[in-house]
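In: structure, please.
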Amino acid sequence: MLRHPRSRGVPVLSLLACTVAAAIVLVNLRATHRPAPEAPWLQGSISAIRPVSAPRARLCPSGSRALRRNGQLICRVVEEKETFIDYVGRNKDLIDQFVNKGTGANPCPPTKWNSKDMDIVALRANPPKDLDVEFPLYISPADLGLPVDADAEAIGAKREEVRKLMLKHGALVFRGFESTKTMEGYRDAYKALGFQSCEDPLEGTFLRKNADKEIKFTFNQNPTHYVGMHTECTHTLGPVSGAFWCGNPASVGGEFTLLDGRKMFYDLNQDVLERFYNKDIRIKVVGLPAGPLANVLPRGMLAGAFEGLAKNMPGPTSDLMTKYDLDFHVLDDYEGVPRFGGLEPRQSPLNRHPVTNEPLWFCNIHNHARYLSDRRPNSLVEIARADVYFGDNSVIPPADVQHIDDITRKNLQKVAMQPGDIVLLDNYRVLHGRENFTNVEGNERKHCVTWFEN
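Out: Numbering: from 1, shown residues only. Below you'll find the predicted structure:
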């Protein structure tokens, strides 16, 4: 579907579609996931009139429900999900930040795309000799010839060495530095190393709270949600690098995860890699179920109405639509369920490194694919559920998505961060994520991130 045209008039059908879209949105925002009430014939005296049959054997474990897809039984975990309204109530400071956006940092640089004319067969036939380089590389003060109490100035004196190691390994884990155990020490360290902060590419969304004008808290507020592997790049905006800091780890779980996109390029199945490269992808970043009307009313009209509704929502929603260059569609997901979606422009799943020119897997499908988020811990409100389609808006085969998940899990590295740890990463080469976790009152997870323009 092409971008919905803006017309000066307001046809009756468009008004109807806007009304329908608004109703669907309100229903989805207010929807709750409570167990259905017990059937009447199982209550009170009615049970004496209508006999109760013996309970059937469960097809799936308790806490999950059975689905059949193409004749195959699938057991899917059923989780209690909060509604959008509940989420707003629990994160009032985050909502205020959404309405009054702005971090004061330098603007986020545009994503550097260099993906044209990639001969995948020829490139994969000549992998780099250091393909299996240590990843990530752990760095102690002694590794840099420094004492454990080295201050920011002493760390900054190792700037050139650190930069070379980062280019070689992709990600560095600084551990054992006393001066980085406070947020100010963390800030002093990355500034001394010459990194210049920039605006978070997700600034203005509901996903991260501000610690201050430069530093963001990472996704600490949804411990039951698994964060898949992704770069911090949208189609339009892409920091060059970033620094993650641990003030306090989660009580249980919450490991930081890292994936070498260079290694993924060589490990993925060649047919899958070429199919993705030839077809491109589109990422859906916001959406809601469209309901049965999507099979009755013209989908283009519904999508245009949803777009109009989004543009007139309070806060900087309209700015975000422009910022990420979104257009709106009604598309079926992998199960055939029609959903509204705001999609980024068509983009390549591959890229070349802006310095080394090496080929990279540069695709966020492991985090965004609904097929995967349906099969792992997920507590995002429905409007924030993402998905990924091929560049022509067609559904990506689940088998391809599962293969990507398999190779990702084979290669990802878990980092159990300790207080004062800093992970420096190359945002083009390295994808990152986070395991779900459990907090104990008084010992909550506190992790932060700063993004850099260099």
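
In: excluding chain neighbours, what is closest to Glu358?
Out: Once flanking residues are discounted, Glu358 sits nearest to Arg262: 5.8 Å by C-beta to C-beta, 6 or more residues apart in numbering. No exception for glycine: its C-beta is placed from N, CA and C like everyone else's.

In: so who does that neighbour touch?
Out: Arg262 makes contact with Pro128, Leu131, Gly170, His353, Glu358, Pro359, Leu360, Trp361, Arg429 under the criterion C-beta atoms under 8 Å, 6 or more residues apart in numbering.

In: give me the spatial nearest neighbour of the first one, chain neighbours excluded.
Out: I take that to be Pro128. Per C-beta to C-beta, 6+ apart, closest to Pro128 is Glu358, 6.7 Å.

In: number of nearby residues for that neighbour?
Out: By other C-beta atoms under 10 Å, the residues close to Glu358 number 17.

In: so it makes contact with Leu350?
Out: No. Contact between Glu358 and Leu350 fails when scored by C-beta atoms under 8 Å: they sit 10.9 Å apart.

In: overlap in contacts of those two?
Out: Counting by C-beta under 8 Å, 6+ apart, nothing touches both Glu358 and Leu350.

In: pretty sure Gly433 contacts Thr257?
Out: Yes. Assessed by C-beta under 8 Å, Gly433 is found in contact with Thr257 at 4.2 Å.

In: check contacts around the residue lying closest to Ala290 once chain neighbours are set aside.
Out: Distances taken as C-beta to C-beta, 6+ apart place Pro338 nearest to Ala290, at 4.2 Å, with adjacent residues excluded. If a contact means C-beta under 8 Å, 6+ apart, then Pro338 has Pro289, Ala290, Gly291, Ala294, Asn295, Arg299, Val330, Leu331, Asp332 as its contacts.

In: can you give me phi and psi for the fifth one?
Out: Its backbone dihedrals place Asn295 at phi -100, psi 0, with angles given as degrees, to the nearest 10.

In: would you mind measuring from it to Asp332?
Out: Relative to Asp332, Asn295 is positioned 10 Å away (C-beta to C-beta, to the nearest Å).

In: what sits closest to Leu144 if chain neighbours are left out?
Out: Lys158 (4.8 Å).

In: before we move on, what about Asp405?
Out: According to C-beta to C-beta, 6+ apart, the nearest residue to Asp405 is Leu372 (5.7 Å).

In: not counting its own residues, what contacts the host helix or strand of the one you found?
Out: Per DSSP states H and E: Leu372 is located in helix 370-373. Here helix 370-373 makes contact (C-beta under 8 Å, 6+ apart) with 226, 228, 333-334, 366, 380, 385-387, 396, 398, 401-402, 405.

In: quick one: buried residues of it?
Out: By neighbour count on 16 or more other C-beta atoms under 10 Å, the buried set for helix 370-373 is Arg370, Tyr371, Leu372, Ser373.

In: quick one on the thing from earlier: so what sits against both of Gly433 and Thr257?
Out: If you check Gly433 and Thr257 against C-beta under 8 Å, 6+ apart, the residues they both contact are Val227, Met229, Leu412.

In: tell me what the helix or strand hosting Leu259 is packed against?
Out: Assigned by DSSP H and E, Leu259 belongs to strand 256-260. Where contact means 3 or more C-beta pairs under 8 Å, 6 or more residues apart in numbering; DSSP states H and E, strand 256-260 is packed against strand 227-230, helix 398-411, strand 413-415, strand 422-426, strand 430-434.
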